[in-house]
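S.K.: The sequence and its predicted three-dimensional model are supplied below.
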Amino acid sequence: MKGICHIFICRLYWHEAFASHAYQGGGFMTAIRIAGIGVGGIFRAHLRGYKTLSDSFSLVALCDINEEAAQRIAEENKIQRVYTSVEALLKDGDIDAVDICLPHDLHAPVAIAAAEAG
């Protein structure tokens, strides 16, 4: 984990790790690797945006307590990894940012855990 992407791209908190992706007029030189936390309706809306911005962002992992739902979305969208716990997801070293798509009362603890994970 190198940063946090909370509530899609409009609320991206920049972190020094994003400098390695170097923004070049309309996109990053290498796609920022995103993990979605929560695969409900909000995530599906974000998924459409990620597909539109696929040169800049790559969904590489999903996390949801409903493993079946997460696995289905992962298979449909060629997302590599599925987790059922945020703790396990945050240990994944191949993620640059997370997109927190959970009920509002769960945002803070997950965002804090992601920030602490580095």
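M.R.: Nice, I can see it.
S.K.: hey, let's count contacts and neighbours off CA atoms from now on
M.R.: Will do.
S.K.: and residue 82, that one's in a helix?
M.R.: No: Residue 82 is assigned strand when assessed by DSSP: H, G, I helix; E, B strand; the rest coil, not a helix.
S.K.: how about the residue nearest to it when sequence neighbours are not counted, secondary structure?
M.R.: Leaving aside its chain neighbours, residue 82 sits nearest to residue 62 (4.9 Å; criterion: Cα to Cα, 6 or more residues apart in numbering). Following three-state DSSP, residue 62 is assigned to strand.
S.K.: Repeat that for residue 50.
M.R.: Residue 50 is classified as helix under three-state DSSP.
S.K.: residues contacting the closest residue to it other than its chain neighbours?
M.R.: With Cα to Cα, 6+ apart as the criterion, residue 50 has its nearest non-adjacent residue at 6.2 Å, and that residue is residue 57. Shown in contact with residue 57 (Cα atoms under 8 Å, 6 or more residues apart in numbering): 31, 32, 33, 34, 50.
S.K.: out of the residues you listed, who's nearest residue 66?
M.R.: Relative to residue 66, the closest of these is residue 34; by Cα to Cα it sits at 19.1 Å.
S.K.: Shouldn't the closest one be within a strand?
M.R.: Yes: per three-state DSSP, residue 34 lies within a strand segment.
S.K.: on that earlier part again, okay, the residue nearest to residue 82 and residue 105: tell me how far apart.
M.R.: 20 Å (Cα to Cα, to the nearest Å).
S.K.: of the two, who's got more company?
M.R.: Between residue 62 and residue 105, counted using other Cα atoms under 10 Å, the more crowded position is residue 62 (28 against 8).
S.K.: Kindly state the beta-bridge partners for the more buried one.
M.R.: Beta bridges link residue 62 to residue 36, residue 82, judged by DSSP bridges.
S.K.: My read is that it contacts residue 39, right?
M.R.: Yes: counting by Cα atoms under 8 Å, residue 62 touches residue 39, with 7.5 Å between them.
S.K.: Give me the common contacts of the two.
M.R.: Among the neighbours of residue 62, those also in contact with residue 39 (Cα under 8 Å, 6+ apart) are residue 70.
S.K.: Strands of the protein, residue ranges please.
M.R.: Under the criterion DSSP state E, strands of the chain are mapped to 4-6, 12-13, 23-24, 27-28, 32-37, 57-63, 81-83, 97-100.
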